[in-house]
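Novice: Just to be clear, the model below is a prediction. Sequence and coordinates:
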Amino acid sequence: MRPRDRSHPLQEGNTGPYDHALAARRRPSPQDTGHFRLTVDNADAQANPDVRLQGWRLTGFRLVSATKHYTTTYGDRTLRNGSTYDQIHIRIGLERSALTVFWKLTIPLYLAVLIAVATFLVSSRHEELETTARLEGIHNRLGVLGGGLFVVVLNLQQANDVVTSTTGLTLIDWLHIVTLVFLLLAVAGTVLAWRWTSQGGSVTQAERVSHRGAWYGLAAYVVACAALVLLAAFD
């Protein structure tokens, strides 16, 4: 059995507003290098302009030559120590032309963060609330944050089904990680506030610190997400 053509699945890179992907195909020569040689001519090589992928735009087309040695001679008794075949690798660069997929995968993250921040700002420290009501608000906040964590984890699983990458973490992955860190820090802050008040600390002071922490955390989250998107743009 001689070497066969092989196509590699679409491999996406930093999936986000600046998605790029690589589609590859390997074309082996029909005979070993002693009888048949393959060479490339990138000067005249180009993709068929009539072939278009919905949602993607062609950014590059390149042919790469290589050789592959096999330990078998494929039944050719004139060869010794295996056989060597030329190969042509066809590499096609693609870039996503629509942002629909990106927004579908990231909007749940932003909503989870905004709802989490809102739980810290619902009750004002200037309002005259009983201690039990403030403590109940802290408990309810934990429930909302737990639901937000569940949404982010579920959304990450769906994103992995839509987006594939063999180059490591994608932009979508990093945005999910930053969101998870934000929500986990919010949970930690809520638990610390609850312990502080349960040990006799001032509930009003705990809420004051929580309010400031929510605004600072939101600002840091926005900066982190913007930095990730900018880094992806220049990747």
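Specialist: Nice, thanks for sending it over.

Novice: All the helices of the protein, residue numbers only.
Specialist: Under the criterion DSSP state H, helices of the chain are mapped to 100-121, 131-162, 171-198, 203-233.

Novice: May I see those helices arranged in CSV, with mean pLDDT and distance to Gly82 as well?
Specialist: For glycine as for every other residue, the C-beta is placed from the backbone atoms N, C-alpha and C. As requested, the helices of the chain are exported to CSV (pLDDT from 0 to 100; distance: least, CB to CB, whole Å):
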stretch, mean pLDDT, distance to Gly82
helix 100-121, 89, 45
helix 131-162, 81, 40
helix 171-198, 89, 41
helix 203-233, 88, 43
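
Novice: Among those, which comes closest to Leu79?
Specialist: helix 131-162 (45.0 Å; CB to CB).

Novice: Quick check: which helices or strands does that closest one pack against?
Specialist: Helix 131-162 sits against helix 100-121, helix 171-198, helix 203-233, with contacts defined as 3 or more CB pairs under 8 Å, 6 or more residues apart in numbering; DSSP states H and E.

Novice: ok, back up a step: dump the helices of the chain to JSON lines, plus distance to Phe36 and mean neighbour count.
Specialist: Rendered in JSON lines, the data for the helices of the chain read as follows (distance: least, CB to CB, whole Å; neighbours: other CB atoms under 10 Å):
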{"stretch": "helix 100-121", "distance to Phe36": "43", "mean neighbour count": "17"}
{"stretch": "helix 131-162", "distance to Phe36": "42", "mean neighbour count": "15"}
{"stretch": "helix 171-198", "distance to Phe36": "43", "mean neighbour count": "19"}
{"stretch": "helix 203-233", "distance to Phe36": "43", "mean neighbour count": "16"}
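
Novice: if we compare these, which one ends up closest to Tyr85?
Specialist: helix 131-162 (35.9 Å).

Novice: and the closest one with helix 171-198, angle?
Specialist: Interaxial angle of helix 131-162 relative to helix 171-198 (axes from the mean of the first three to the mean of the last three CA atoms, to 10 degrees): 160 degrees.

Novice: Run the angle between helix 131-162 and helix 203-233 for me.
Specialist: Helix 131-162 and helix 203-233 are oriented at 20 degrees to each other (the same axes, to 10 degrees).
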